[in-house]
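Asker: just need the structure, nothing else, for what follows:
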Amino acid sequence: MFELCLFDLDDTLVKTSDLDEVRRAGKNDNSAEYLARLTAALGKVSPRLIYSESLLDEIRAANPGMRLGVFTRSPRSYASLVLRQAYPNTQWDVLVAYEDVEWTKPRGHGVHAAMKQLKIGDPARVLLVGDNDADVCAAYHAGSPIVVDKSAWPGSNTRDHWAALGHVPDAFITRPRDLLDVLASPERHLPELERLLAGAPAGPTVRFDEIGHFKPWEFEEPRGPVRIAVGGRSFSNHASVSRRRAGHALSASIEDNKESSQFPEEWVDAVLAFFQKRYPMLLWAGKLVVTVIPHRPGREPRLENFLGQLAEAVSRSRRFARSVTVEPKLLAFKDGVRSQHGDKLGQTERFRNVRDHLHVSRPDLIDNKAHYLVIDDVTTTGASLIYADEYLRAAGARNVACLSIAKNVGELFWSEK
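Answerer: Okay, the predicted model is just below:
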């Protein structure tokens with residue numbers, strides 16, 4: 001399936017977090033003095049390998065015809081020496097380093113440079129393997145799938161790791177050997193709704209990534225993150241993700257169902273899978289109340305219609321029929337609410353719009369012993385689900401969870417505009 005597996009170098013192939021200073025010093029410097037300094041620094045820590053040479057040999061053997069390469073933001077002098085010392089018996093098919101492209105990561109030009117060298121025409125046939133958000137953004141910008149390897153992540157996530165989680169990579173792995181399974185069947189590792197739309201067999205886990213969303217700092221307490229589970233991704237119309245949007249099944253499904261009253265069965269199946277993963281106790285006890293972010297006054301009740309479709313599936317389920325109820329009118333918007341997307345509201349405006357207009361319209365339905373699940377279709381800032389969570393808790397609900405059919409993946413390079 002893949003013609004090239006393109007690895008990040010630092011903290012993906014090799015542990016190098018202690019080498020930041022000497023790495024930066026290597027830009028356009030291939031002098032003997034620099035190489036000696038780097039060699040000495042490399043020798044201070046052992047072991048450094050994350051991917052062993054024997055594993056790379058297994059990867060090649062299991063994927064005949066697939067090339068192995070490296071795309072790094074590090075200088076070429078640094079990358080070449082690190083690779084020679086770490087992998088003395090490995091012949092890399094391509095190396096793209098800092099000096100080789102005008103724009104390095106998080107842009108995807110290095111992927112296209114590698115493709116050009118190896119005469120590969122389709123970026124979807126290139127699998128990137130990295131450890132941070134720059135790798136995810138580079139893959140998305142190039143039009144390639146991305147595996148985030150968490151093997152070298154520290155005990156607590158850095159800001160860059162949280163950003164990678166928020167962009168919902170194609171696959172996560174926690175040990176290098178798991179890459180063999182991703183290469184063999186990448187669709188099995190997708191978020192659950194994307195896996196269902198791909199018609200792929202069940203994966204190693206039922207994947208619903210949970211992403212923490214916050215109010216903007218100028219808003220009132222509580223400020224803590226509201227964790228929103230997502231069934232997959234919806235790539236936006238921004239140019240930076242246009243190559244991934246093309247042919248992406250869930251992005252197309254979201255677009256095709258903007259005005260729907262009947263939704264794909266895969267959407268329903270994904271929510272049922274979320275029930276099983278999040279609420280295993282429903283098999284023998286407990287109560288789950290499911291609601292949705294309501295329609296704006298004067299608009300079609302799209303998600304309420306989806307909730308009705310979900311209710312029919314629940315009624316046919318031996319597992320959930322007695323424990324799950326749906327309440328389409330639990331939440332409502334007051335008159336005057338604006339369209340978040342249609343009115344092109346910015347982040348602050350979105351939060352203020354929801355804060356001032358969303359409310360619990362049926363507080364009499366709140367049972368502090370029940371679990372509550374609020375569903376939205378696409379999450380961008382998270383404003384609707386954040387306030388749904390807050391207002392339900394204020395009304396007496398003790399256990400509230402949020403699920404979005406898809407996480408919007410928008411402009412990747414705001415900071416450079």
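
Asker: CA only for contacts and neighbour counts going forward, please
Answerer: Fine.

Asker: buried residues of stretch 35-48, list them for me.
Answerer: 35, 38, 42, 48 (16 or more other Cα atoms under 10 Å).

Asker: next, format these as CSV and append pLDDT, distance to residue 210 and secondary structure.
Answerer: Below are the buried residues of stretch 35-48 laid out as CSV (pLDDT from 0 to 100; distance: Cα to Cα, whole Å; DSSP: H, G, I helix; E, B strand; the rest coil):
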residue, pLDDT, distance to residue 210, secondary structure
35, 97, 43, helix
38, 97, 40, helix
42, 96, 37, helix
48, 95, 31, coil
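
Asker: distance check, residue 167 against residue 146.
Answerer: As judged by Cα to Cα, to the nearest Å, residue 167 and residue 146 stand 11 Å apart.

Asker: list the residues that contact both of the two?
Answerer: residue 136 (Cα atoms under 8 Å, 6 or more residues apart in numbering).

Asker: of those two, who's got more company?
Answerer: residue 146 (27 against 20; other Cα atoms under 10 Å).

Asker: beta partners for the more buried one?
Answerer: Per DSSP bridges, the residues bridged to residue 146 are residue 128.

Asker: that one contacts residue 123, correct?
Answerer: No: counting by Cα atoms under 8 Å, residue 146 does not reach residue 123; the two are 11.2 Å apart.

Asker: ok so, going back, among the buried residues of stretch 35-48, which one sits closest to residue 381?
Answerer: Sorting those by how near they are to residue 381, with Cα to Cα, puts residue 48 at the top with 38.8 Å.

Asker: the lengthiest strand in the chain: partners in the sheet, and parallel or antiparallel?
Answerer: Secondary structure assigned by DSSP state E gives strand 399-409 as the longest strand of the chain. When pairing is defined by DSSP bridges, strand 399-409 lines up against strand 226-230 (parallel), strand 233-235 (parallel), strand 371-379 (parallel).

Asker: report the mean per-residue pLDDT for the second one.
Answerer: For strand 233-235, mean pLDDT is 99.

Asker: ranges for the helices of the stretch 251-400 of the chain?
Answerer: Taking DSSP state H, counting those that start in this stretch, the helices of the stretch 251-400 of the chain run over residues 265-278, 302-315, 347-357, 383-394.

Asker: what about residue 60, neighbour count?
Answerer: That count, for residue 60 with other Cα under 10 Å as the rule, works out to 16.

Asker: not counting sequence-adjacent ones, nearest residue to it?
Answerer: residue 66 (6.8 Å; Cα to Cα, 6 or more residues apart in numbering).

Asker: tell me the contacts of the one you found?
Answerer: Going by Cα under 8 Å, 6+ apart, the list of residues near residue 66 reads 2, 3, 4, 5, 60.

Asker: helix, strand or coil for the fourth one?
Answerer: The one in question is residue 5. Secondary structure, DSSP: H, G, I helix; E, B strand; the rest coil: residue 5 is strand.

Asker: thinking again about what came up before, got the strands paired with strand 399-409 as CSV, with distance to residue 136 columns?
Answerer: Shown next, in CSV, are those (distance: least, Cα to Cα, whole Å):
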stretch, distance to residue 136
strand 226-230, 17
strand 233-235, 13
strand 371-379, 19
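
Asker: out of those, which gets nearest to residue 76?
Answerer: Taking Cα to Cα, strand 233-235 is the member of those nearest to residue 76, at 32.9 Å.

Asker: so where's the stretch 201-350 of the chain shaky on pLDDT?
Answerer: 342 (pLDDT under 70).

Asker: return the residues in contact with residue 293.
Answerer: So residue 293 contacts 303, 331, 332, 374, 375, 376, 384, 385, 388 (Cα under 8 Å, 6+ apart).

Asker: one more: residue 100?
Answerer: residue 110.

Asker: could you rerun that using 10 Å?
Answerer: Residues near residue 100 by Cα atoms under 10 Å, 6 or more residues apart in numbering: 71, 72, 73, 75, 76, 109, 110, 113, 114.

Asker: residue 296 now?
Answerer: Here residue 296 is in contact with 332, 333, 334, 335, 336, 337, 338, 339, 357, 358 (Cα under 10 Å, 6+ apart).

Asker: and for the fourth one, the neighbour number?
Answerer: Okay, so that is residue 335. As a burial measure, residue 335 scores 11 neighbours (other Cα under 10 Å).

Asker: now do the same contact list for it.
Answerer: Per Cα under 10 Å, 6+ apart, neighbours of residue 335: 296, 297, 298, 357, 358.

Asker: compare those and tell me which has the most neighbours.
Answerer: That'd be residue 358 among those, by other Cα under 10 Å, with 21 neighbours.

Asker: ok so, going back, so can I have TSV of the contacts of residue 100 showing secondary structure, distance to residue 179 and neighbour count?
Answerer: Below are the contacts of residue 100 laid out as TSV (DSSP: H, G, I helix; E, B strand; the rest coil; distance: Cα to Cα, whole Å; neighbours: other Cα atoms under 10 Å):
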residue	secondary structure	distance to residue 179	neighbour count
71	strand	17	27
72	coil	19	23
73	coil	22	24
75	coil	26	21
76	helix	26	22
109	helix	24	20
110	helix	21	27
113	helix	23	18
114	helix	20	22
